[in-house]
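Colleague: Turn this into a model:
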Amino acid sequence: MHRLQQAIHIASKYNRKVAVVGRSMVNVVSIASELGYIDIPEGTLIELEEANRLPRNRVVILTTGSQGEPMSALTRMALSDHRQVEILPGDLIIISATPIPGNEKLVARIIDQLFKLGAQVVYESVSGTHVSGHPSQEELKLMLNLTRPRFFVPIHGEYRMMIKHAELAREVGIPPGNIFVAENGQVLEFTRRSGRVAGKVTAGKVLVDGLGVGDVGNIVLRDRKLLSQDGILIVVVTINRDTGLVMAGPDIVSRGFVYVRESEELMDEAKIRVKSALDKCNYRGLAEWSAIKSQIRETLGRFLYEKTRRRPMILPIIMEI
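Modeller: Have a look, this model is predicted:
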């Protein structure tokens, strides 16, 4: 909130109008202004449509996206995908936040894109513009002393941070038995006098894929990851159901692994290895298709890794006549 107040005061001091972009930013500024948490001089705050009619050097835009969020307003501006704001050479963008762990690449990509559009970007690692939006330990203690909760459950942050927050709660007098450091999925049950961990429910990421919600599991994700890394080889073999002899094939189809026409020698040797695996199955008397497929996968996978240092998904298809 203080960052917004600073920007608004400086804009007013130098006779610039302020426009707010981004749904969450609009909501924050509106509510904070109504409750008196920020002071906006009369006539300073204007609608974006009006700001677009003013000279660019008379406008300051407060926007979301300091963490490189894909759908944020700043990201859409950087990608020239925002319907109302266009970044032009000479514009100055100040990012007053340090990327949170894991967001570094997203933020770096946005900064690079802004520079490509000709803007100047001021950010933490070169200008020390970061202002923390998180409370200090003393501020957390103050909140606990003001509210005096009967029970305390730290929520936000990494597990180690929640442990430290729980320690602060003990320091200000909350009984250890009334402090719960919960993990995702744990169910807490409270009465007027006590609280306890009552059980656990399934919790975690719910993946949306097309019309399906939550139907993509770990096995599907593992297969997709494998396909994206090394591709797939489909091995098709026709076998006589009575004798077990190979009647046709093996034929090998490659997708995302190698281009067959440029790797004929590799594919020919792969077919030889498949035939060798089938001969071993006949010699050992293997009749179960699952065992034969497993032998093909193992033999071909070992050969391909020796030759390419890659591990494509291998899908044997056995047809019998």
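Colleague: Just give the nearest non-adjacent residue to Asp223, would you?
Modeller: Setting aside the residues directly before and after it, Asp223 is nearest to Met313 in space (Cβ to Cβ, 6 or more residues apart in numbering), at 6.8 Å. (Each C-beta comes from the backbone N, C-alpha and C, glycine too.)
Colleague: So what sits opposite the one you found in the bridge?
Modeller: For Met313, the beta-bridge partners are Ile232 (DSSP bridges).
Colleague: what sits against it?
Modeller: Shown in contact with Met313 (Cβ atoms under 8 Å, 6 or more residues apart in numbering): Asp223, Leu226, Leu227, Asp230, Gly231, Ile232, Leu233.
Colleague: what are the phi and psi values for the fifth one?
Modeller: Here is the backbone geometry of Gly231 (degrees, to the nearest 10): phi 80, psi -160.
Colleague: Compute the number of surrounding residues for it.
Modeller: Burial of Gly231 is recorded as 16 neighbouring residues (other Cβ atoms under 10 Å).
Colleague: What's the per-residue pLDDT of the closest residue to Ala97 other than its chain neighbours here?
Modeller: Excluding the flanking residues, the one nearest Ala97 by Cβ to Cβ, 6+ apart is Ser66, at 4.1 Å. Turning to Ser66, the model gives it a pLDDT of 85.
Colleague: Could you tell me which residues make contact with Ser66?
Modeller: By Cβ under 8 Å, 6+ apart, the neighbours of Ser66 are Leu74, Ile95, Ser96, Ala97, Val107.
Colleague: Using a markdown table, lay out those residues together with neighbour count.
Modeller: What follows is the contacts of Ser66, written out as a markdown table (neighbours: other Cβ atoms under 10 Å):
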| residue | neighbour count |
| --- | --- |
| Leu74 | 26 |
| Ile95 | 22 |
| Ser96 | 17 |
| Ala97 | 18 |
| Val107 | 24 |
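Colleague: Which members of these are positioned in helices?
Modeller: Per DSSP state H, helices hold the following members of the contacts of Ser66: Leu74, Val107.
Colleague: Could I get the contacts of Ser66 in TSV, plus columns for pLDDT and distance to Ile219?
Modeller: Formatted as TSV, the contacts of Ser66 follow (pLDDT from 0 to 100; distance: Cβ to Cβ, whole Å):
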residue	pLDDT	distance to Ile219
Leu74	92	37
Ile95	89	40
Ser96	84	44
Ala97	81	38
Val107	90	33
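Colleague: for the contacts of Ser66, which one is nearest Leu168?
Modeller: Ala97 (24.2 Å; Cβ to Cβ).
Colleague: Now the terminal residues of stretch 279-299, how far apart.
Modeller: Start and end residues of stretch 279-299 are separated by 12 Å (Cα to Cα, to the nearest Å).
Colleague: what residues are up against Ala78?
Modeller: Applying Cβ under 8 Å, 6+ apart to Ala78 gives the contacts Ile87, Ile110, Gln113, Leu114, Leu117.
Colleague: Skip the chain neighbours and tell me the closest residue to it.
Modeller: Distance criterion Cβ to Cβ, 6+ apart; nearest residue to Ala78, sequence neighbours excluded, is Gln113 at 4.1 Å.
Colleague: Tell me which stretches of the stretch 201-321 of the chain form helices.
Modeller: 218-230, 264-284, 289-308 (DSSP state H, counting those that start in this stretch).
Colleague: Dump those helices to a markdown table, plus distance to Arg192.
Modeller: Shown next, in a markdown table, are the helices of the stretch 201-321 of the chain (distance: least, Cβ to Cβ, whole Å):
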| stretch | distance to Arg192 |
| --- | --- |
| helix 218-230 | 42 |
| helix 264-284 | 70 |
| helix 289-308 | 60 |
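Colleague: can I get those helices in CSV with mean neighbour count and distance to Leu144?
Modeller: Shown next, in CSV, are those (neighbours: other Cβ atoms under 10 Å; distance: least, Cβ to Cβ, whole Å):
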stretch, mean neighbour count, distance to Leu144
helix 218-230, 12, 40
helix 264-284, 16, 66
helix 289-308, 16, 57
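Colleague: Take these and write them to TSV, including mean pLDDT and distance to Val208.
Modeller: Shown next, in TSV, are those (pLDDT from 0 to 100; distance: least, Cβ to Cβ, whole Å):
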stretch	mean pLDDT	distance to Val208
helix 218-230	80	13
helix 264-284	78	38
helix 289-308	84	32
